[in-house]
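Engineer: Sequence unavailable; structure follows:
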């Protein structure tokens, strides 16, 4: 049993029966730039496992050499993950521990590994996360944008029409939004955001996190887009883009009496989504706002006790 195993932690798998003779798959986070960010636990595991599955062995070998780690390395990437999962599973079932790493950061977060982890868990073998660097969390922690609720969208579609369609769908998302973006598409993405979401929406670009040229620039979308357009250096490296969630304009905070009456009548006869859709057509008020009001009305109605002695017909 490896020295880093914690006897006080019980790991629950998706299978009803865990193979106690099998090894463990460790999902190990590695630095996103600054090598000092790797944990002592991660280094210990990478030294002691029988095999390391890496997104790109050419990239990861430099990390291992830097820390003097000689554990055998093999590839596990988007193009071979499904085919190679059986081979990794066989090693685990034979009792070998395996570590999964990506080029940088936490595996599976916009990186390969999902199919392997699912395959291993389905087989009843223990999967243990070894936390560490993650670009989206690092960026969020320093952005100064609301972080109590947020949504990670990963990479937006590369083609303009598909990207704009997705952004239109997310336009009224109230949580802070986090995107990864390729540097050569960053300016196009910011231009689409400004056009579809407005130039005043607060945003932040986190670029080259933990590296020599780390940049965190917060500004309204229009200003941020102009700043990136004026400096080609900001269109290089790894990019995380954060945008504040949607807020209803002040004049939409309250619905007028006519709109509320229409909504009440429709809610009395129809499911919430259908009632909201029809109310939006009739009144011209945003569906998003009507939906929130409808849910509040439904919740309030369910909290009110039914009058004693009345039947459903007489209520």
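Structural biologist: Structure received. Worth saying up front: this structure is predicted, and the values here are computed from it rather than measured.
Engineer: Of all the residues in the strand or helix carrying residue 293, which ones are buried?
Structural biologist: Following DSSP states H and E, the helix or strand that holds residue 293 is helix 287-303. Neighbour counts using 16 or more other CB atoms under 10 Å place 288-291, 293-294, 297 of helix 287-303 among the buried residues. Heads up, the C-betas are built off the backbone N, CA and C, glycines and all.
Engineer: of all the residues you listed, which comes closest to residue 100?
Structural biologist: Closest approach to residue 100 among the buried residues of helix 287-303 (CB to CB): residue 288, at 39.7 Å.
Engineer: shaky segments in the stretch 1-150 of the chain?
Structural biologist: 1-20 (pLDDT under 70).
Engineer: Show me where the stretch 1-150 of the chain has its helices.
Structural biologist: 40-48, 57-66, 81-93, 114-122, 135-143 (DSSP state H, counting those that start in this stretch).
Engineer: Quick one: closest of those helices to residue 284.
Structural biologist: That would be helix 135-143 among the helices of the stretch 1-150 of the chain, by CB to CB, at 35.0 Å.
Engineer: who does whichever helix or strand comes after the closest one touch, helix- and strand-wise?
Structural biologist: Next helix or strand after helix 135-143 toward the C-terminus (DSSP H and E): strand 150-155. On a contact count with 3 or more CB pairs under 8 Å, 6 or more residues apart in numbering; DSSP states H and E, strand 150-155 meets strand 176-181.
Engineer: chain center to the strand it packs on, what's the gap?
Structural biologist: Averaging C-alpha positions (CA atoms, centre = their mean, to the nearest Å) puts strand 176-181 8 Å from its chain's average.
Engineer: try stretch 255-275
Structural biologist: 35 Å.
Engineer: for stretch 77-96, same thing?
Structural biologist: Using CA atoms, centre = their mean, the offset of stretch 77-96 from its chain centre is 25 Å.
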